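>>> pasting the sequence and the predicted coordinates here, then a few questions.
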Amino acid sequence: DEAALAPDRWAGHDVIHLATHNVVRQGRLHRSSLRLAGSREASPWTPGTIAELCLDADLIYLSCCEAARPSRSGRFGLTDFARAFGRAGAATVLASTRRVDDAAAAALADAFYQAWLAGATKAEALRAAQRELMKGGSRWSHPYYWAHFRIIGSE
């Protein structure tokens, strides 16, 4: 909820994982927002709001739809949650360019963290997680469930 995202609660965290929903408004980035639990009167977390945070996180993992979706116009780059967290100081953002299935995204995140904590680089861990979901017989073996996640920023 919004209280959990208060800027003073972000300091000192190397990894921040957000599993949430968002609304992407192509061409109107100031109206795109993360959907947070709690009061409907809470201020929306737009890319502009996020870019003003002061982060020193090594990784922001955005487990939500279209957080790194390319802009249709090509003018703005990413649409723009991933780029906003980068501007706020995150070294790396892991996010999806498309809509994601909640359960598949959770399975991908679990496999990613297992590989990363075992010593893989972020890119290697993402690839290992994708391969884990791709395995024959897996409920999420189709690329629809895992292929649209990407690493943005430094390794």
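Cool, got the structure.
>>> going by C-alpha atoms from here, please, whenever you check contacts or count neighbours.
OK.
>>> got phi/psi on residue 19?
Torsion angles at residue 19 (phi, psi; degrees, to the nearest 10) stand at phi -110, psi 100.
>>> return the residues in contact with it.
The neighbours of residue 19, taking Cα atoms under 8 Å, 6 or more residues apart in numbering as the test, are 62, 63, 64.
>>> show me where this protein has strands.
Using DSSP state E, the strands of the chain run over residues 15-19, 21-23, 33-35, 59-63, 92-96, 149-153.
>>> okay, these in TSV with mean pLDDT next?
What follows is these, written out as TSV (pLDDT from 0 to 100):
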stretch	mean pLDDT
strand 15-19	88
strand 21-23	71
strand 33-35	70
strand 59-63	91
strand 92-96	91
strand 149-153	90
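>>> okay, these in JSON lines with distance to residue 113 next?
Shown next, in JSON lines, are these (distance: least, Cα to Cα, whole Å):
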{"stretch": "strand 15-19", "distance to residue 113": "11"}
{"stretch": "strand 21-23", "distance to residue 113": "21"}
{"stretch": "strand 33-35", "distance to residue 113": "23"}
{"stretch": "strand 59-63", "distance to residue 113": "10"}
{"stretch": "strand 92-96", "distance to residue 113": "12"}
{"stretch": "strand 149-153", "distance to residue 113": "14"}
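>>> just to revisit the earlier point, between the contacts of residue 19, which is closest to residue 109?
Closest approach between these and residue 109, by Cα to Cα: residue 63, at 7.9 Å.
>>> that older thread, and the contacts of residue 19, which are buried?
For those, a burial check counting by 16 or more other Cα atoms under 10 Å picks out 62, 63, 64.
>>> out of the residues you listed, who's nearest residue 82?
Closest to residue 82, out of all of those and judged by Cα to Cα, is residue 62, at 7.8 Å.
>>> what bridges to the closest one?
Listed by DSSP bridges, the beta-bridge partners for residue 62 are residue 18.
>>> tell me where the longest helix sits in this structure.
For the chain, the helix with the greatest residue count under DSSP state H is helix 102-117.
>>> how far away from the center of its chain is it?
Put simply, helix 102-117 sits 12 Å off its chain's centre (Cα atoms, centre = their mean, to the nearest Å).
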